[in-house]
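S.K.: need the 3D shape of this:
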Amino acid sequence: MLNVNMNVDVNNPNFILFLDNVTNTIFSHVTISGYFKLSNEKKLGVQYFVFKLIKTSLRIKGKIGSEDLKAFNTILLKKNEENENYELAAVLSDINKNFESVYEKTNIQKTPTKSPKKSQSKKK
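M.R.: A predicted model of the protein is given here:
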(Lines give C-alpha, C1' and ligand atoms only; values in the text may rest on other atoms or scores of the structure.)
Protein backbone atom coordinates (compact mmCIF):
# COMPACT_ATOMS: atom_id res chain seq x y z
CA MET A 1 0.00 0.00 0.00
CA LEU A 2 1.15 3.52 -0.68
CA ASN A 3 2.00 5.75 2.23
CA VAL A 4 -0.42 8.64 2.78
CA ASN A 5 2.41 10.90 3.90
CA MET A 6 4.39 10.16 0.77
CA ASN A 7 5.61 13.32 -0.94
CA VAL A 8 4.40 13.55 -4.50
CA ASP A 9 5.61 16.23 -6.85
CA VAL A 10 2.29 17.29 -8.32
CA ASN A 11 4.15 19.46 -10.84
CA ASN A 12 6.13 16.54 -12.23
CA PRO A 13 5.34 16.29 -15.97
CA ASN A 14 4.72 12.53 -15.70
CA PHE A 15 2.29 13.01 -12.83
CA ILE A 16 0.49 15.80 -14.70
CA LEU A 17 0.25 13.52 -17.73
CA PHE A 18 -1.17 10.77 -15.52
CA LEU A 19 -3.78 13.18 -14.11
CA ASP A 20 -4.71 14.20 -17.65
CA ASN A 21 -5.03 10.54 -18.65
CA VAL A 22 -7.34 9.83 -15.70
CA THR A 23 -9.43 12.88 -16.59
CA ASN A 24 -9.62 11.79 -20.23
CA THR A 25 -10.65 8.28 -19.16
CA ILE A 26 -13.47 9.74 -17.09
CA PHE A 27 -14.63 11.98 -19.95
CA SER A 28 -14.53 9.09 -22.42
CA HIS A 29 -16.81 6.94 -20.22
CA VAL A 30 -19.12 9.47 -18.54
CA THR A 31 -21.07 12.46 -19.78
CA ILE A 32 -20.49 15.04 -17.06
CA SER A 33 -22.39 17.91 -18.68
CA GLY A 34 -25.68 18.52 -16.93
CA TYR A 35 -24.38 17.15 -13.62
CA PHE A 36 -25.72 20.16 -11.72
CA LYS A 37 -29.24 19.47 -12.99
CA LEU A 38 -29.34 15.81 -11.92
CA SER A 39 -31.28 14.51 -8.94
CA ASN A 40 -29.25 13.53 -5.87
CA GLU A 41 -29.71 9.81 -6.65
CA LYS A 42 -28.38 10.25 -10.17
CA LYS A 43 -25.50 12.38 -8.91
CA LEU A 44 -24.59 9.61 -6.50
CA GLY A 45 -24.61 7.12 -9.40
CA VAL A 46 -22.24 9.36 -11.37
CA GLN A 47 -20.00 9.66 -8.30
CA TYR A 48 -19.83 5.86 -7.91
CA PHE A 49 -18.98 5.37 -11.56
CA VAL A 50 -16.33 8.12 -11.64
CA PHE A 51 -14.78 6.75 -8.45
CA LYS A 52 -14.64 3.25 -9.96
CA LEU A 53 -12.87 4.69 -12.99
CA ILE A 54 -10.35 6.44 -10.72
CA LYS A 55 -9.74 3.24 -8.77
CA THR A 56 -9.29 1.29 -12.00
CA SER A 57 -6.81 3.87 -13.28
CA LEU A 58 -4.83 3.71 -10.05
CA ARG A 59 -4.90 -0.07 -9.84
CA ILE A 60 -2.07 -0.25 -12.35
CA LYS A 61 0.08 1.71 -9.88
CA GLY A 62 -0.38 -0.87 -7.11
CA LYS A 63 -2.80 -1.42 -4.24
CA ILE A 64 -3.93 1.89 -2.82
CA GLY A 65 -5.66 2.49 0.51
CA SER A 66 -8.68 4.68 1.16
CA GLU A 67 -6.67 7.64 2.47
CA ASP A 68 -4.46 7.59 -0.62
CA LEU A 69 -7.52 7.41 -2.86
CA LYS A 70 -9.03 10.40 -1.09
CA ALA A 71 -5.76 12.34 -1.41
CA PHE A 72 -5.53 11.48 -5.13
CA ASN A 73 -9.16 12.49 -5.63
CA THR A 74 -8.39 15.86 -4.02
CA ILE A 75 -5.37 16.39 -6.29
CA LEU A 76 -7.46 15.46 -9.33
CA LEU A 77 -10.17 17.86 -8.11
CA LYS A 78 -7.70 20.77 -7.85
CA LYS A 79 -6.23 19.97 -11.28
CA ASN A 80 -9.68 20.01 -12.88
CA GLU A 81 -10.53 23.30 -11.19
CA GLU A 82 -7.32 24.75 -12.66
CA ASN A 83 -8.31 23.44 -16.10
CA GLU A 84 -11.82 24.90 -15.67
CA ASN A 85 -13.51 21.48 -15.83
CA TYR A 86 -15.97 22.69 -13.22
CA GLU A 87 -18.58 19.97 -13.57
CA LEU A 88 -15.99 17.20 -13.17
CA ALA A 89 -14.51 19.16 -10.26
CA ALA A 90 -18.00 19.23 -8.71
CA VAL A 91 -18.31 15.45 -9.10
CA LEU A 92 -14.89 14.98 -7.46
CA SER A 93 -15.83 17.41 -4.69
CA ASP A 94 -19.03 15.47 -4.05
CA ILE A 95 -17.01 12.25 -3.95
CA ASN A 96 -14.87 13.82 -1.22
CA LYS A 97 -17.99 14.87 0.70
CA ASN A 98 -19.52 11.38 0.43
CA PHE A 99 -16.21 9.53 0.46
CA GLU A 100 -17.02 6.89 3.07
CA SER A 101 -20.25 5.92 1.35
CA VAL A 102 -18.78 5.95 -2.16
CA TYR A 103 -15.68 4.03 -1.07
CA GLU A 104 -17.75 1.43 0.77
CA LYS A 105 -20.10 0.88 -2.17
CA THR A 106 -17.27 0.53 -4.68
CA ASN A 107 -15.14 -1.64 -2.41
CA ILE A 108 -17.61 -4.52 -2.03
CA GLN A 109 -15.93 -7.79 -2.90
CA LYS A 110 -18.00 -10.06 -5.08
CA THR A 111 -17.98 -13.69 -4.10
CA PRO A 112 -17.23 -15.92 -7.04
CA THR A 113 -20.01 -18.25 -8.01
CA LYS A 114 -19.26 -21.78 -9.04
CA SER A 115 -20.76 -22.96 -12.24
CA PRO A 116 -22.64 -26.25 -11.99
CA LYS A 117 -20.72 -29.29 -13.07
CA LYS A 118 -21.95 -30.91 -16.20
CA SER A 119 -22.38 -34.62 -15.96
CA GLN A 120 -20.25 -36.44 -18.42
CA SER A 121 -21.71 -39.65 -19.67
CA LYS A 122 -19.26 -42.13 -21.07
CA LYS A 123 -20.12 -43.58 -24.40
CA LYS A 124 -19.08 -47.14 -25.13
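S.K.: just give the nearest non-adjacent residue to Val46, would you?
M.R.: Once flanking residues are discounted, Val46 sits nearest to Val91: 5.9 Å by Cβ to Cβ, 6 or more residues apart in numbering. (C-beta placed from N, C-alpha, C; glycine too.)
S.K.: so for the strand or helix carrying the one you found, what's the average pLDDT?
M.R.: Assessed by DSSP states H and E, Val91 sits inside helix 86-97. Helix 86-97 comes out with an average pLDDT of 95.
S.K.: sort out which residues of that helix are buried, please.
M.R.: Going by neighbour count (16 or more other Cβ atoms under 10 Å), the buried part of helix 86-97 is Leu88, Ala89, Ala90, Val91, Leu92, Ser93, Asp94, Ile95.
S.K.: in contact with Leu53, which residues?
M.R.: Leu53 makes contact with Val22, Thr25, Ile26, His29, Val30, according to Cβ atoms under 8 Å, 6 or more residues apart in numbering.
S.K.: just to revisit the earlier point, could you double-check that the residue nearest to Val46 lies in contact with Leu44?
M.R.: No: if you go by Cβ atoms under 8 Å, Val91 and Leu44 don't touch, sitting 10.5 Å apart.
S.K.: mind checking which helix or strand the nearest residue to Phe72 once chain neighbours are set aside is in?
M.R.: Leaving aside its sequence neighbours, Phe72 sits nearest to Leu58 (Cβ to Cβ, 6+ apart; 6.5 Å). Following DSSP H and E, one finds Leu58 within helix 40-59.
S.K.: low-confidence ranges in the chain?
M.R.: 1-7, 60-62, 108-124 (pLDDT under 70).
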